[in-house]
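# Provided below for reference: sequence and predicted model.
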Amino acid sequence: MGGATYSSVNRMARATSMNYASAPVEVLFTQQVEKKAHAKMTSRGVTLREARDSDVHPNSLPIILGLDVTGSMQYIPHHLIKTGLPKLVGNIIQAGIPDPALLFLGLGDHECDNEPLQVGQFESGDAELDMWLTQTYLESGGGGNSGESYSLAHYFAAHHCQTDHWDKRGKKGLLITIGDEPNLKLYPNPAMKAVMSNGNISEFTDIEMLAQAQERWEVFHIYPVVGRPLRSDTDNYWGQLLGDKYFKANTEEEIINTIRDIVINFSGVNEKGVKEGSGTNTPPPDDDPVFL
């Protein structure tokens, strides 16, 4: 991550010029025409993503958002680019957490999809966050195999991320996956070699990789129940796996608010002493152009 800051004024101007509010997915998300992962977001050959402190952001808080980009879930990144992302970042900063560093992951199905893992960079600036989000390829894949590959987010966090939050302060980052399926259970070596271009990855299960991620990350999952019946297999799986770090959200706004509340309540860096359940729902003020 660099030294960029989040400017609500700049973001609003960009949203207007790019027509974020009403442009269709295939216009806003640039890889939909090419139908493949952006060269800078392909997981193949990636070694490391870093969330480091800087003069502008001396207390970086690493936040990984793993977005399900299969067919049923692509409305979530679309909502983020329209209105959700500036509200989320603004509310986090207003709550007394000045240095959030967000990394977007695109998650699919390693048994069925061409691009089951896409990887951005940890960023704090409005332009950079918009860039990585809109460069994510919404593959619209998945399959009838009763799961998606959310464990790829756990793998990437455990083995390919370094943060000053852990290295300097001994504090865990926040890893939030969002999707409407259970995890696929098994990740064999040939599949991981295809995902990472690395033949040295030992076979692992969802349970094994979650435990590895939890060594340096607080791990959460949000199940979006938006306009569809609750699926008992998904609900039971995540409830048993994560307990009170599993959440359900009934609307697009509730997804954003749930992410916000996770960051406020579990970050451990809140300067204003916001307590659990008291996160503000107030959008960033128009007269405060730059959040530092």
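Looks like it came in fine. Numbering: from 1, shown residues only.
# ok, now which ones touch V219?
H154, A157, L175, T177, L210, A213, L242, K245 (C-beta atoms under 8 Å, 6 or more residues apart in numbering). Where you see a C-beta, it was placed from the backbone N, CA and C, and this is true even at glycine.
# repeat for G268
K171.
# just to revisit the earlier point, closest to K185 out of the contacts of V219?
L210 (11.5 Å; C-beta to C-beta).
# nearest spatial neighbour of the closest one, chain-adjacent residues omitted?
Nearest non-adjacent residue to L210, counting by C-beta to C-beta, 6 or more residues apart in numbering: H154, 5.3 Å away.
# strands of the chain, start to end?
Ranges of strands in the chain, per DSSP state E, are 6-7, 49-51, 61-68, 100-107, 117-119, 161-163, 173-178, 186-187, 204-205, 217-224, 246-249, 290-291.
# I'd like those strands as JSON lines, with distance to G141 and mean pLDDT appended.
Shown next, in JSON lines, are these (distance: least, C-beta to C-beta, whole Å; pLDDT from 0 to 100):
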{"stretch": "strand 6-7", "distance to G141": "32", "mean pLDDT": "96"}
{"stretch": "strand 49-51", "distance to G141": "23", "mean pLDDT": "98"}
{"stretch": "strand 61-68", "distance to G141": "10", "mean pLDDT": "98"}
{"stretch": "strand 100-107", "distance to G141": "11", "mean pLDDT": "98"}
{"stretch": "strand 117-119", "distance to G141": "12", "mean pLDDT": "98"}
{"stretch": "strand 161-163", "distance to G141": "25", "mean pLDDT": "98"}
{"stretch": "strand 173-178", "distance to G141": "16", "mean pLDDT": "98"}
{"stretch": "strand 186-187", "distance to G141": "17", "mean pLDDT": "98"}
{"stretch": "strand 204-205", "distance to G141": "22", "mean pLDDT": "98"}
{"stretch": "strand 217-224", "distance to G141": "18", "mean pLDDT": "98"}
{"stretch": "strand 246-249", "distance to G141": "23", "mean pLDDT": "98"}
{"stretch": "strand 290-291", "distance to G141": "36", "mean pLDDT": "30"}
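# CSV for those, including distance to N145?
Output for the strands of the chain, formatted as CSV (distance: least, C-beta to C-beta, whole Å):
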stretch, distance to N145
strand 6-7, 39
strand 49-51, 28
strand 61-68, 14
strand 100-107, 15
strand 117-119, 17
strand 161-163, 27
strand 173-178, 18
strand 186-187, 11
strand 204-205, 15
strand 217-224, 18
strand 246-249, 21
strand 290-291, 42
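# for E148, see how far away H78 is.
18 Å (C-beta to C-beta, to the nearest Å).
# next: V46.
Taking C-beta to C-beta, one finds V46 at 20 Å from E148.
# now do V119
16 Å.
# okay, these two: which has more neighbours?
E148 (31 against 24; other C-beta atoms under 10 Å).
# tell me the angle the longest helix seen in the chain makes with strand 217-224.
Using DSSP state H to define each element, the chain has its longest helix at helix 252-266. Counting by axes from the mean of the first three to the mean of the last three C-alpha atoms, to 10 degrees, helix 252-266 lies at 160 degrees to strand 217-224.
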